[in-house]
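1. 3D model of this:
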Amino acid sequence: MPSTEPSQRQPAHTWASLIGSIRIGQAVITVVLLVIGALRASADGIPLPWVLALSLVFLGWYGGGLLLGERTADRRLATWWLIGLTLIWLGAVAVSPEFVWLAFPLWLLAGFVMRMRWALLLSAAVFAVVIAAPLLHTGTTTYANVIGPLVGGVFAFGISRGYLELVRDGRERRRLIASLVATQEEMAALQDELARTQRESGASAERTRVSRDIHDTVAQSVSSIGMLARSALDADEPAQTTRALAQIGALAAEGLADARRIVNALMPAELESSALGDALERMLERLAEETGITATLHADDDLPSLGLDAEVALLRTAQSALANVRSHAAATRVVVTLADAGDAVRLDIVDDGVGFDATHWDAQGAVGSQGGGYGLRSMRARLRELGGGLDVESAPGDGTALSAHVPLGAAAPPWRADGVG
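-> Here you go, the predicted model:
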C-alpha cells in the first residue's frame, strides 16, 4: 500500500486535533453552564458577592485541574482534584439550586478521571444531589427535574467513557508510530550492515580468486624459472645453458603476461586464441621439453561447448596439477585426459610419481606434502564454485590420479569473474 511521510503524519495530527477539540468543548460547556447558573442564582436574589465568589472558586479549581492534567498522568491526584471540585459544587448548590447545571461537567469528568466503579458511585451521588436540591430549597420538584438530569447524566457519562477510549486509542497510536519508526531505523541499520557484509564477502572472495590465480600462474612460472636457473648453473655445455636461459625468458614473459591479465581481470592468456584442448597440449609440450617427462594428452574430438568459467577452472586445475608433477612427483610419465562425461566434462591427470597419502589428505581436509596443500585446496574450491568437484587417488609409491569435473553450462557466481572480467 503506497504511503508517504506527510500522509502518515496527517492522521496522527487529525487525531490529536480531535482530542484537543473535545477538551476545549468540555471547558467551554463548563464555563457556559457556570455563567448560566451564576446569572440565575443572582436573579433569584442570591447576593452577588456570594455568586461571584463561588463561581470564581469553582472556575479556578477547574482551570487549575486542567493545567495540572497537562503535566501529570497521576490518576490518584486527578481523583482527589475531582472530589475537591465536587465539594465546591456542593457548596454552590447549598447556596443556590441553580448551580445544579454544573452537574453535567461533573459527570463528564467522573467518567474520564475515575475508574468505572468509582465513577458510577460519584455520578449517582451527584444525581442524588441534583434531585434533592429543589426539594431542599423550594420543597417541591417536577418530573422534568428528575428525568432531565437522569438523561443528561447518562449521556454525559457515556460521552466521557467514549472520550477516554479516544485518548487511549490516541496513546496506542503514538506508541505504534514510535515502534514503527524504531523498527524502520533498525531495518535501515540492518540493511547497512548487510550491505557492508556483502561488500566484505565480495572483497574476500576476490582476494581468494586472485591468490588462486597467482598460485596457478605466476607462482608456477617463478618456480619453473628457479628450477631452470639451477639447471643452467649446473650445465657443462654452453648449449644447455643457452637453452635453459631461453626457457627462462619464455616463462618470465608468460608470467608477466599472466600477472597483467590478473590485474586487468581478463581471461587466461592460454584461452584467448585457442580451445582448452589446444592450451593443454601446449602445456604438456612445454612440460616434456623442460623436464623430459613423457606427457600425453587424450582429448575427445566432439567435446561440447564449455562456458568460459568452466574452461578457466579446468585450465587452472591442469596448471596446478602439472606444477606439482614437475616439482614434487619425480614422475617419468603423465597422462592427461579431457573427456565428455554426458552432463559434465571431466579432466583426468595421472602420473607415475612417488605419490602421497590421499586418505590422510581427505580426512584432514588438506594435504601436507605436495606443494603444502594449497594447490589441491584451491583446485577443489574453484571447481565446487561451479558445481563440480575434484577426486584425488594416490598412495606412497603408486603415483597420483586427479579427476576434475564441471557440469555443462557452469558459470561463476555473479560476484566473481575468475579472471575473465
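
2. residues making contact with stretch 280-294?
-> Stretch 280-294 is touched from outside by 224, 228, 247, 270, 295-297, 299, 315, 318-319, 322, 325-326, 331-334, 336, 338, with contacts defined as Cβ atoms under 8 Å, 6 or more residues apart in numbering. For glycine as for every other residue, the C-beta is placed from the backbone atoms N, C-alpha and C.

3. Inside strands: which ones of the residues you listed?
-> Mapping the contacts of stretch 280-294 onto strands (DSSP state E) picks out Ala295, Thr296, Leu297, Ala299, Arg333, Val334, Val336, Leu338.

4. Neighbour count added to these, as CSV?
-> Written out in CSV, the entries for these read as follows (neighbours: other Cβ atoms under 10 Å):
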residue, neighbour count
Ala295, 23
Thr296, 12
Leu297, 18
Ala299, 17
Arg333, 14
Val334, 26
Val336, 24
Leu338, 21
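
5. Closest to Met114 out of those residues?
-> When the ones in strands among the contacts of stretch 280-294 are compared for distance to Met114, the smallest value, 90.8 Å, is given by Leu338; criterion: Cβ to Cβ.

6. How about the closest one: which residues does it bridge to?
-> When bridges are taken as DSSP bridges, the partners of Leu338 come out as Ala299, Leu347.

7. In this structure it contacts Val345, no?
-> Yes: at 7.2 Å, Leu338 counts as touching Val345 under the criterion of Cβ atoms under 8 Å.

8. Now do the shared contacts for these two.
-> Counting by Cβ under 8 Å, 6+ apart, the residues touching both Leu338 and Val345 are Leu303, Leu314.

9. Which of the residues in stretch 351-363 are classified as buried?
-> For stretch 351-363, the buried set under the neighbour-count rule, 16 or more other Cβ atoms under 10 Å, comprises Asp351, Asp352, Gly353, Val354, Gly355, Phe356, Ala358, Trp361.

10. Those in strands, which ones?
-> If you go by DSSP E, those have Asp351 in strands.

11. need the buried residues of stretch 351-363 in CSV with distance to Ser211, can you?
-> Formatted as CSV, the buried residues of stretch 351-363 follow (distance: Cβ to Cβ, whole Å):
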residue, distance to Ser211
Asp351, 25
Asp352, 31
Gly353, 26
Val354, 27
Gly355, 27
Phe356, 23
Ala358, 24
Trp361, 20
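
12. Save the buried residues of stretch 351-363 as JSON lines, and put in pLDDT and distance to Asp234 too.
-> JSON lines is the format used below for those (pLDDT from 0 to 100; distance: Cβ to Cβ, whole Å):
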{"residue": "Asp351", "pLDDT": "93", "distance to Asp234": "24"}
{"residue": "Asp352", "pLDDT": "92", "distance to Asp234": "25"}
{"residue": "Gly353", "pLDDT": "89", "distance to Asp234": "22"}
{"residue": "Val354", "pLDDT": "90", "distance to Asp234": "22"}
{"residue": "Gly355", "pLDDT": "87", "distance to Asp234": "27"}
{"residue": "Phe356", "pLDDT": "86", "distance to Asp234": "27"}
{"residue": "Ala358", "pLDDT": "79", "distance to Asp234": "33"}
{"residue": "Trp361", "pLDDT": "68", "distance to Asp234": "33"}
